[in-house]
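Enquirer: how would this look folded up:
(2 chains)
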Amino acid sequence: MKELSVNHLLGIKYITPQDIDLIFETADQFKEVINRPIKKVPSLRDITIANIFFENSTRTKLSFELAQKRLSADVISFSAAQSSVKKGETLIDTVNNILSMKVDMVVMRHERPGAAYFLSQNVKASIVNAGDGAHEHPTQALLDSYTIRERLGSVGGKKVVIVGDILHSRVALSNIFALQMQGAEVKVCGPKTLIPKYIESLGVTVEPNLRKALEWCDVANMLRVQNERLDVNYFPSTREYSQQYGVDKALLDSLNKEIVIMHPGPINRGVEITSDVADSQQSVILDQVENGVAVRMAVIYLLASKIK
Amino acid sequence: MSHKILLTSREVNIILHRLACQLLENHLDFKDTILIGLQPRGRFVAERIKQILEQQYSVQDIKLGFLDITFFRDDFRRSEKPLEANKTQIDFLVEGKKVVFIDDVLYTGRSIRAALTAIQSFGRPSQIELLVLIDRRFSRHLPIQPDYRGRQVDAINDEKVKVSWKENDGEDSVYLI
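Expert: I've put the predicted structure just below:
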């Protein structure tokens, strides 16, 4: 009988390859559940979960909420815009107030790297990191790997290129950890200004040329240009970015093999990828969204089973 | 720890034949009947019964599915061991059909309670029956009894009934451990 080695999911770097296998095996069962006529199981009926989002989110929040409801957990959701955080309350106070209402698990997104870790050290609840600044976004990396495993059979031995804004991306960092942990090879590709200086110390290589990167890889994960995080101009214009680092159908068709296109969403159509690429057979973007619910169900189920 | 054999391979097979015949008597052509093996170990009983019905009694097109009840159990976070899920495979609707749950050992009845809830995700059966190879008498926590029973055994609580199958464990047998 297996269980996770951790009581919180704070980042991929805190878990083991065995944890990833267990999460995926459990997600396989939940994927079957969410395709039934009645898509709900009663496992977590005595668990209450708080979703606390200090940063905007649409799909991650929806996906977590849906996963929790499919498991029959009681869910409270709150976003910072409407909260006392604006009135100057500290993070620990906010969360402890919520926990006094007998909450067992907290799913949190926060703009500060390390916020989830900090919380796990200071409050008594199981914490799931739904994104902390430019640090980690573990469930996104898990669902990305799960989608690769589903499409290509396994993650080990595959070549994955992550394209775009690596500097501000928690998706990139979590993906690098998760992919390497499962034995995949990772390259990053993007404007030099958006590649972190010491990225090679993580064991990834930098390929500045998009065509070369695509010809090398089995999977291309196209990150979103995060305009809201670009405080200075990292590239001359969106038009120039899309010419150098955007993927269109002509580029895809000119490669000597068929690669899988991923995107964590939301897509800037015509910037990172064009519409015909996003909607093509090679794109697994909507599979990622579907798998997101199954993977999050697995994570929540496995963490909840450790709450005594 | 002592091992006492309850059923030998020959006895297991005689009992499976009888159970198959009793099913046949009640369901005849199996047109509106669905057999559901409860994961993990009811699967072997269900596959054997289907095999006997097809090969010895020429029943065609028997619908067989496998139901995993892990997410419907009532001991989540209460049991010492983490619960591990198995594959559910039900490729048809059970709406309006006669469903037969098949399991190896009926003990407290809690698995069957969970299965009764779980099957509702696949529709509303017109009727549900229960077939078990071993019925542990005097051990029920819930008012659940089998419609078809292989062998009734009296075992005290710390004893375990272990059913082995040729395809999984090398031999067909039932032991009291």
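Enquirer: all strands in chain B, in order from the N-terminus.
Expert: Shown for chain B, the strands assigned by DSSP state E span residues B:4-7, B:33-38, B:63-67, B:98-106, B:127-136, B:148-153, B:161-164, B:173-176.
Enquirer: count the neighbours of the residue nearest to residue B:149 when sequence neighbours are not counted for me.
Expert: Closest residue to residue B:149 apart from its sequence neighbours, by Cβ to Cβ, 6 or more residues apart in numbering or on different chains: residue B:135 at 4.4 Å. Every C-beta, even on glycine, is put in place using the N, C-alpha and C of the backbone. By other Cβ atoms under 10 Å in any protein chain shown, the residues close to residue B:135 number 20.
Enquirer: same check, this time on the one 4 residues further on
Expert: A total of 16 residues lie near residue B:139 under the criterion other Cβ under 10 Å.
Enquirer: show me the longest helix that occurs in chain B.
Expert: The longest helix of chain B (DSSP state H) is helix B:9-27.
Enquirer: which secondary structure elements does that one contact?
Expert: Helices and strands touching helix B:9-27, by 3 or more Cβ pairs under 8 Å, 6 or more residues apart in numbering or on different chains; DSSP states H and E, are helix B:42-57, strand B:98-106, strand B:127-136, strand B:148-153, strand B:173-176.
Enquirer: do that again at 10 Å, thanks
Expert: Secondary structure elements in contact with helix B:9-27, counted by 3 or more Cβ pairs under 10 Å, 6 or more residues apart in numbering or on different chains; DSSP states H and E, are strand B:4-7, strand B:33-38, helix B:42-57, strand B:98-106, strand B:127-136, strand B:148-153, strand B:161-164, strand B:173-176.
Enquirer: next SSE downstream of the lowest-mean-pLDDT helix or strand in chain A?
Expert: Of the helices and strands making up chain A, the lowest-confidence element is helix A:91-99, at a mean of 85, by mean pLDDT, DSSP states H and E. Sequence-wise, the next helix or strand beyond helix A:91-99 is strand A:105-110, with elements assigned using DSSP states H and E.
Enquirer: now that next one: mean pLDDT?
Expert: The average pLDDT for strand A:105-110 rounds to 95.
Enquirer: before we move on, what about stretch A:65-77?
Expert: Averaging pLDDT along stretch A:65-77 gives 95.
Enquirer: okay, how far is it across that stretch, tip to tip?
Expert: 8 Å (Cα to Cα, to the nearest Å).
Enquirer: for the most centrally placed residue in chain A, identify the helix or strand it belongs to.
Expert: The central residue of chain A, meaning the one whose C-alpha is nearest the mean C-alpha position (Cα atoms, centre = their mean), is residue A:140 at 1.5 Å. Counting by DSSP H and E, the secondary-structure element that holds residue A:140 is helix A:138-152.
Enquirer: for that helix, output the C-alpha coordinates as CSV.
Expert: As requested, C-alpha coordinates have been extracted for helix A:138-152 and formatted as CSV (Å, rounded to 0.1, in the frame of the first residue of the first chain):
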residue,chain,number,x,y,z
PRO,A,138,3.4,22.0,-9.0
THR,A,139,-0.1,20.9,-10.1
GLN,A,140,0.4,22.5,-13.5
ALA,A,141,3.7,20.6,-14.0
LEU,A,142,2.0,17.4,-12.9
LEU,A,143,-0.8,17.8,-15.3
ASP,A,144,1.6,18.7,-18.1
SER,A,145,3.6,15.5,-17.5
TYR,A,146,0.4,13.5,-17.1
THR,A,147,-0.7,14.7,-20.5
ILE,A,148,2.7,13.8,-22.1
ARG,A,149,2.5,10.4,-20.5
GLU,A,150,-1.0,10.0,-21.9
ARG,A,151,-0.1,11.1,-25.4
LEU,A,152,3.4,9.6,-25.8
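Enquirer: same for that helix, what does it pack against?
Expert: helix A:17-33, helix A:59-70, strand A:126-132, strand A:159-163, helix A:170-181, strand A:219-222, strand A:260-262, helix A:285-304.
Enquirer: can I get those in TSV including distance to chain B and mean neighbour count?
Expert: Conversion of the helices and strands packed on helix A:138-152 to TSV gives the following (distance: least, Cβ to the nearest Cβ, whole Å; neighbours: other Cβ atoms under 10 Å in any protein chain shown):
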stretch	distance to chain B	mean neighbour count
helix A:17-33	4	19
helix A:59-70	10	21
strand A:126-132	12	25
strand A:159-163	28	25
helix A:170-181	22	24
strand A:219-222	27	26
strand A:260-262	26	23
helix A:285-304	7	23
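Enquirer: for residue A:232, find the nearest of the ones you listed.
Expert: Distances from residue A:232 to each of those were compared by Cβ to Cβ, and the smallest falls on helix A:170-181, at 19.4 Å.
Enquirer: relative to strand A:105-110, how tilted is that closest one?
Expert: 120 degrees (axes from the mean of the first three to the mean of the last three Cα atoms, to 10 degrees).
Enquirer: tilt between the helix or strand just after helix A:170-181 and helix A:170-181?
Expert: With elements assigned by DSSP H and E, the helix or strand that comes after helix A:170-181 is strand A:185-189. In this structure, strand A:185-189 runs at an angle of 150 degrees to helix A:170-181, with the same axes, to 10 degrees as the basis.
Enquirer: so residue B:99 makes contact with residue B:122?
Expert: Yes - under the criterion of Cβ atoms under 10 Å, residue B:99 lies in contact with residue B:122, with a separation of 9.1 Å.
Enquirer: shared neighbours of the two, which are they?
Expert: B:34, B:36, B:65, B:67 (Cβ atoms under 10 Å, 6 or more residues apart in numbering or on different chains).
Enquirer: ok, the last one - contacts?
Expert: So that's residue B:67. Contact criterion Cβ under 10 Å, 6+ apart gives B:36-39, B:42-43, B:46, B:86-90, B:94, B:99, B:101-102, B:114-115, B:118-119, B:121-122 as the residues in contact with residue B:67.
Enquirer: 7 Å - rerun?
Expert: If a contact means Cβ atoms under 7 Å, 6 or more residues apart in numbering or on different chains, then residue B:67 has B:36, B:38, B:39, B:88, B:90, B:115, B:118, B:119 as its contacts.
Enquirer: one more: the first one?
Expert: Neighbour list for residue B:34: B:63, B:65, B:92, B:94, B:97, B:99 [criterion: Cβ under 7 Å, 6+ apart].
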